[in-house]
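**Student:** sequence first, predicted model second:
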Amino acid sequence: MCGLPGLIGMQVLSGLSQYQQQKQQYNAQMAVYNTQAEAAENNARISQYKQEQIANQYAEKQSKLNDRMRLAAGNAAAEAGASGLQLSGSPVDLLASGYGAYYDDTNTLLQNQRNDIWSERVNEINYANQANSYRAGAENMRRQKKAALWGTILGTAASIYGLNRTYGGMGSTGTQSGTSNMFTNNLFSSTAPNKYAMAYLGKF
């Protein structure tokens, strides 16, 4: 048997094993949170890009609508001029009707654009909130990890201190009723057997 140094060594190894296990577990959970946060942030950026695309698409539609209205107005003026008519009466009514439809289509495009962009903006906000939540989760894991690791260190140190206090003086001669070596069976002739020593000898 290796006595008190052996018990301390076993306690140290146990503490190191627990320390590494806790560290790996917390690091793995932090990695999951950070990965989820990065994915949410990427989705938020995609939503921003989609909003720009929507705006560009509706701008293109409006441009085509403007072109059609200018072409219709030009054709109406040309036809009136070719027939010797003035831009009054029926030609004006026709042109006014065309402009009325043009303004209706413009307002519809504008409203649809706002709705589509707002819908995508809501997606962006939701993704950003998700990312913030995941980042907060990772930070919480980091703090828990720090507390847990310090708890393991302090717990191991306390166990070693307890072992040293319990067994530190038991190897000296003149005080033990059974033997000077606490890790022999003679130790258990003592009136107060110690569970740590019993465990070491496989009797507890």
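**Tutor:** Noted; the coordinates are in hand. What you see is a predicted model, and the numbers here were worked out from it, not measured in a lab.

**Student:** centroid residue for the chain?
**Tutor:** The centre of the chain sits closest to Tyr134, judged by CA atoms, centre = their mean, with a distance of 2.4 Å.

**Student:** so what's that residue scoring on pLDDT?
**Tutor:** Tyr134 is assigned a pLDDT of 95 by the prediction.

**Student:** show me where this structure has its helices.
**Tutor:** 3-82, 90-167, 195-200 (DSSP state H).

**Student:** surely the residue nearest to the centre of the chain is in contact with Asn34?
**Tutor:** Yes: using CB atoms under 8 Å, Tyr134 is in contact with Asn34, at 7.3 Å. Every residue, glycine included, has its C-beta placed from N, CA and C.

**Student:** low-confidence ranges, this structure, go.
**Tutor:** Where the chain drops to pLDDT under 70, the residues are 1-2, 76-96, 168-204.

**Student:** just to revisit the earlier point, tell me who's in contact with the closest residue to the residue nearest to the centre of the chain other than its chain neighbours.
**Tutor:** Nearest residue to Tyr134, sequence neighbours excluded (CB to CB, 6 or more residues apart in numbering): Ala37, at 3.6 Å. For Ala37, the contacting residues are Gln130, Ala131, Asn132, Tyr134, Arg135, Ala138, by CB atoms under 8 Å, 6 or more residues apart in numbering.

**Student:** 6 Å - rerun?
**Tutor:** Ala131, Tyr134, Arg135 (CB atoms under 6 Å, 6 or more residues apart in numbering).

**Student:** out of those, who's nearest Gln21?
**Tutor:** Proximity of those to Gln21 (CB to CB) peaks at Tyr134, which lies at 24.0 Å.

**Student:** burial measure for Glu120, as a count.
**Tutor:** Glu120 is flanked by 19 other residues according to other CB atoms under 10 Å.

**Student:** ok, now how distant is it from Asn126?
**Tutor:** The spacing between Glu120 and Asn126, counted by CB to CB, to the nearest Å, is 11 Å.

**Student:** now Lys61
**Tutor:** Distance from Lys61 to Asn126, by CB to CB: 27 Å.

**Student:** and what of Ile8?
**Tutor:** With CB to CB as the criterion, Ile8 and Asn126 are 54 Å apart.

**Student:** hmm, Leu163 is touching Leu7, no?
**Tutor:** Yes: judged on CB atoms under 6 Å, Leu163 makes contact with Leu7 at a distance of 5.2 Å.

**Student:** re the thing from before, ok, Ile8 and Asn126, which is more surrounded?
**Tutor:** Ile8 (18 against 14).

**Student:** my read is that that one contacts Ile160, right?
**Tutor:** Yes: Ile8 lies in contact with Ile160 (CB under 6 Å); the separation is 5.4 Å.

**Student:** what do these two both touch?
**Tutor:** By CB under 6 Å, 6+ apart, no residue touches both Ile8 and Ile160.
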